[in-house]
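Visitor: please work out how this folds:
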Amino acid sequence: MKSKMFTTVRRYEGVKDPVVAAKKVHEVFVPLIAALPGFVEYRLIDLGGGAMMSITIFKSLAEAKTANEKAKIWVQSHLSSVLESAVRIEAGSIVSFNGK
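Guide: Model (predicted):
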């Protein structure tokens, strides 16, 4: 049986330039979050219409929630020019059926 994984989903609105936001996130934020304990994966999704969503996967719910707090502070401090604070943040366990 596979071990459980946990994810955090953050939605951002009012993104003026998704390409610039993605570049800055990739260059600066991803190395920071990837260094946190339990990190598995990070994705940034352009939803169109000035909205973006990030998905981060961690090995424990506590690690995912800690990453959320760090992400919130980091985005406010370093990405406010390209991303406003997340308007919605969710965290929970991943349920995967692998097609079965």
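Visitor: next up, the contacts around Glu84.
Guide: Applying C-beta atoms under 8 Å, 6 or more residues apart in numbering, we find Glu84 in contact with 12-15. Just so you know, the C-beta spots here come from the backbone N, C-alpha and C atoms, and that holds for glycine as well.
Visitor: can I get those in JSON lines including secondary structure?
Guide: JSON lines is the format used below for the contacts of Glu84 (DSSP: H, G, I helix; E, B strand; the rest coil):
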{"residue": "Tyr12", "secondary structure": "strand"}
{"residue": "Glu13", "secondary structure": "coil"}
{"residue": "Gly14", "secondary structure": "coil"}
{"residue": "Val15", "secondary structure": "coil"}
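Visitor: tell me which of those residues is nearest to Leu79?
Guide: Nearest to Leu79 among the contacts of Glu84, counting by C-beta to C-beta, is Tyr12 at 9.2 Å.
Visitor: the closest one contacts Leu83, doesn't it?
Guide: Yes - counting by C-beta atoms under 8 Å, Tyr12 does reach Leu83; the two are 5.0 Å apart.
Visitor: any common contacting residues for these two?
Guide: Contacts common to Tyr12 and Leu83, judged by C-beta under 8 Å, 6+ apart, are 21, 52.
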